[in-house]
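J.: sequence plus the predicted model coming up.
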Amino acid sequence: MVRLLALIPLLLVTLAQSYSHTSRHPVESRQILPHRDGWEHHRRAAKTDLVTLTLAMKQRNTDKLEEMFWRVSDPRSQQYGQYKTLREITQLIQPDVQAVKDVFSWLEHYNLLRACSFVRSLDFLKCRVEVGVAEQMLETKFSYFKHSTEPDQVILRATQEYTVPTKVAKWLDFVGGVHRLPNVGGKLKIKEVRPLPDNLEDFRYGVHPDTLRKRYNVTDHVGKNSNNSQATAQFLKQYYSPGDLKEFMNHFGKGFPHLSEITHEIGPNSGKTGLEANLDVQYIMSLGANISTTFWSTGGLHEFQEPFLEWMLDLNNNETIPYIFSVSYGDHERSLSPEYMKRINLEFMKIGLRGVSVLFASGDDGAGCHRFDDDSYTFEPDFPSSSPYVTTVGGTMFTSIFTDVNEKGNDISGGGFSNIFSMPKYQMETVAGYLNDSTIQLPDSKYYNSSNRAYPDVSAMSDDFWIIINRLLMNVAGTSAATPTVAGMIALANDARLDAGKPVLGFLNPFIYQNPGIFFDVTLGPPSQACWLNDLEGYPVSKGWDPVTGFGTPDYRRLIQAAMQYY
């Protein structure tokens, strides 16, 4: 973090301006107030309570940022794989000097310069502020909210829309810590729990590492390059158990060399063991076996900060980050402002420009369903899975419990079309083929915007996964299982490239859409779930790409062949 007081002499800023009677303006066009998804008003915040505000400063040269992002991410580009450092990206996008002067002046009006600091990329300001001061700054009111099904989840948020002085508003994308209650509703489906047997040698029912390695032709391949790395990102008090990880690898990792311990832990990992966290580490380390793995946790509520935004700040504060992140976290697009999502997309570009692959689970609600007050309804896309700048992973399952050869689409697999982001060029031709396929019956076009970003991009098994938690054997389902599976295989592809003196794959989607033959095409299965109360089904599975399984599931042998053909 960079403290503000050290920068003032360099800026020669005049800090005497008054903001008492200045005109004001909202920063975000759509401010979602905190009345949603189980969150209930708990009590008013005291004036002396502390709140963390994150000022997302507008970045310079975002057009150049995107141009560079596409050039280093496209295998057909001469600049493919020529990634940039955090320092180089900071020099490109750090805010305008006048922007910093105006925001400093506003903060000094409330005597806050000592309470704020920049992240290393100089485009986020994080301030620790008394509630009474925050209410004056933003002309709003703050209260505590408690979740009805998660009573330990208490968070501080504004109960009204917020504004800032017009002179300041033009330099901000959003203010974090004011709205956006975190989504704590997503849960892995638990299908079975049983005691952990003494011997799992002959355990064959359901999905475990050997099942996936056989199905996707990974066999006994493991990582060998000491410079390789992978990670899972965890939120909302999702902690893994080192003991469960060792137990899992002892039972299920006997067929391949592996690590039994996380290499690096960033953030908290002290609390109740989480299903999501255990699943992620156990499977990314089984598919991406023998590769240095980071458990990157923003597991708590971080002084009432937004956990996903906190992770973004962490990435901007670290020069070196893992090459791959597997993330199982998301929220409905409608619950977020366009300004917030567009800024997060810029953050994904910065991550991709550093050569990092980010994979998100597509969600477990199929096409989703949102009902309006007049009882009409529409499909419900999620973010960040709808972002054009991440790789989104859907879900499949075996066609029957008696086979581990054929897969079908899992009807819970999240997918569809964004309501916010236009369709990126890399997928236009592919998605047009799906939309124009006369052999399938699409839902009525009034439920979705077929001209926008389509997802998922790929998929993997997402049902009947065995994990170990608290020395119990638990069978779970969800696209959260598919994501670390795919991430581990991409980490192995990175390993092969690093061994050959080549850069890692970075943002994956141009590579994926240029190489559809590296996937097992999943053509079986029911349409995705949607508005079941109205008997409305989601999207059908089809040959080639579809909004349930993407291109299908990876064939590791073909994946490696394709990955190695590029410099």
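T.: Received, thanks.
J.: now stretch 148-161: buried residues?
T.: The neighbour-count check on stretch 148-161 (16 or more other Cβ atoms under 10 Å) flags 153, 155-161 as buried. All C-beta atoms are positioned from the backbone trio N, CA, C, and that covers glycine.
J.: quick one: contacts of that stretch?
T.: With contact meaning Cβ atoms under 8 Å, 6 or more residues apart in numbering, stretch 148-161 is reached by 26, 31, 33-34, 38-42, 45, 49, 51, 131, 138, 140-147, 177-182, 184, 236-237, 301, 304.
J.: show me the residues you listed that map onto strands.
T.: 39-42, 51, 142-147 (DSSP state E).
J.: inside strands: which ones of the buried residues of stretch 148-161?
T.: 155-158.
J.: and residue 310, helix, strand or coil?
T.: helix (DSSP: H, G, I helix; E, B strand; the rest coil).
J.: in a helix, residue 466, correct?
T.: No. Counting by three-state DSSP, residue 466 is not part of a helix but strand.
J.: list the contacts of it.
T.: 203, 206-208, 252, 473-475.
J.: relative to residue 554, which of the residues you listed is nearest.
T.: residue 207 (15.1 Å; Cβ to Cβ).
J.: which residues does that closest one form beta bridges with?
T.: Taking DSSP bridges, one obtains residue 465 as the residues bridged to residue 207.
J.: what's the burial count for it?
T.: Neighbours of residue 207 under the rule other Cβ atoms under 10 Å: 23.
J.: quick check, it in contact with residue 463.
T.: Yes. Residue 207 is within contact range of residue 463, at 7.1 Å (criterion: Cβ atoms under 8 Å).
J.: between those two, what contacts are shared?
T.: 398, 481.
J.: before we move on, the earlier item: so can I have CSV of the ones in strands among the contacts of stretch 148-161 showing distance to residue 517?
T.: As requested, the ones in strands among the contacts of stretch 148-161 are exported to CSV (distance: Cβ to Cβ, whole Å):
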residue, distance to residue 517
39, 46
40, 51
41, 54
42, 54
51, 52
142, 54
143, 54
144, 53
145, 49
146, 51
147, 45
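J.: now list the buried members of the residues you listed.
T.: 39, 51, 142-147.
J.: need the residues you listed in TSV (columns: distance to residue 226).
T.: Compiled in TSV, these are given as follows (distance: Cβ to Cβ, whole Å):
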residue	distance to residue 226
39	45
51	43
142	48
143	50
144	47
145	46
146	46
147	43
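J.: closest to residue 396 out of the residues you listed?
T.: Of all these, residue 147 has the smallest distance to residue 396: 31.7 Å, by Cβ to Cβ.
J.: who does that closest one form a beta bridge with?
T.: In this entry, residue 147 is beta-bridged to residue 39, by DSSP bridges.
J.: list the contacts for it?
T.: Residue 147 touches 38-40, 153-154, 184, counting by Cβ under 8 Å, 6+ apart.
J.: any idea which of those residues is closest to residue 190?
T.: Top of the list for closeness to residue 190, among those and by Cβ to Cβ, is residue 184 at 16.6 Å.
J.: for stretch 93-112, what does the pLDDT average out to?
T.: Taken as a whole, stretch 93-112 has an average pLDDT of 96.
J.: next, the buried residues of that stretch.
T.: 93-95, 99-110, 112.
J.: for stretch 337-350, same thing?
T.: Buried residues in stretch 337-350, defined by neighbour count with 16+ other Cβ under 10 Å: 337, 339-341, 343-350.
J.: mind checking which of those are in helices?
T.: Counting by DSSP state H, the buried residues of stretch 337-350 place 339-341, 343-350 in helices.
J.: what's the closest of those residues to residue 68?
T.: Residue 68 lies nearest to residue 349 out of those, by Cβ to Cβ, at 8.4 Å.
J.: now that closest one: closest residue in space, sequence neighbours ignored.
T.: In space, and not counting its chain neighbours, residue 349 is closest to residue 69: 4.3 Å by Cβ to Cβ, 6 or more residues apart in numbering.
J.: against residue 84, how distant is the one you found?
T.: Distance of residue 69 to residue 84, given as Cβ to Cβ, to the nearest Å: 9 Å.
J.: overlap in contacts, the two.
T.: What both residue 69 and residue 84 touch, as defined by Cβ under 8 Å, 6+ apart, is the set residue 353.
J.: who has more neighbours out of the two?
T.: residue 69 (22 against 18).
J.: going by distance to residue 507, which of the buried residues of stretch 93-112 wins?
T.: Nearest to residue 507 among those, with distances taken as Cβ to Cβ, is residue 93, at 17.0 Å.
J.: tell me who's in contact with residue 433.
T.: So residue 433 contacts 544-545 (Cβ under 8 Å, 6+ apart).
J.: mean confidence score for the helix or strand where it lies?
T.: Assigned by DSSP states H and E, residue 433 belongs to helix 425-435. Across helix 425-435, the average pLDDT comes to 98.
J.: give the pairing partners of the following helix or strand past that helix; include direction for each.
T.: Going down the chain from helix 425-435, the next helix or strand is strand 452-455, by DSSP H and E. The pairing partners recorded for strand 452-455 under DSSP bridges are strand 416-422 (antiparallel).
J.: need the contact list for the residue nearest to residue 138 when sequence neighbours are not counted.
T.: Leaving aside its chain neighbours, residue 138 sits nearest to residue 162 (3.9 Å; criterion: Cβ to Cβ, 6+ apart). Counting by Cβ under 8 Å, 6+ apart, residue 162 touches 26-27, 31, 138-140, 175, 178-179.
J.: just the buried members of those?
T.: By neighbour count, with 16+ other Cβ under 10 Å, the contacts of residue 162 hold 27, 31, 138, 140, 175, 178-179 as buried.
J.: and the nearest residue to residue 206 once chain neighbours are set aside, what does it touch?
T.: Nearest non-adjacent residue to residue 206, counting by Cβ to Cβ, 6+ apart: residue 464, 4.1 Å away. By Cβ under 8 Å, 6+ apart, the contact list for residue 464 reads 191, 205-207, 397-398, 401, 475, 477.
J.: cool, thanks, talk later.
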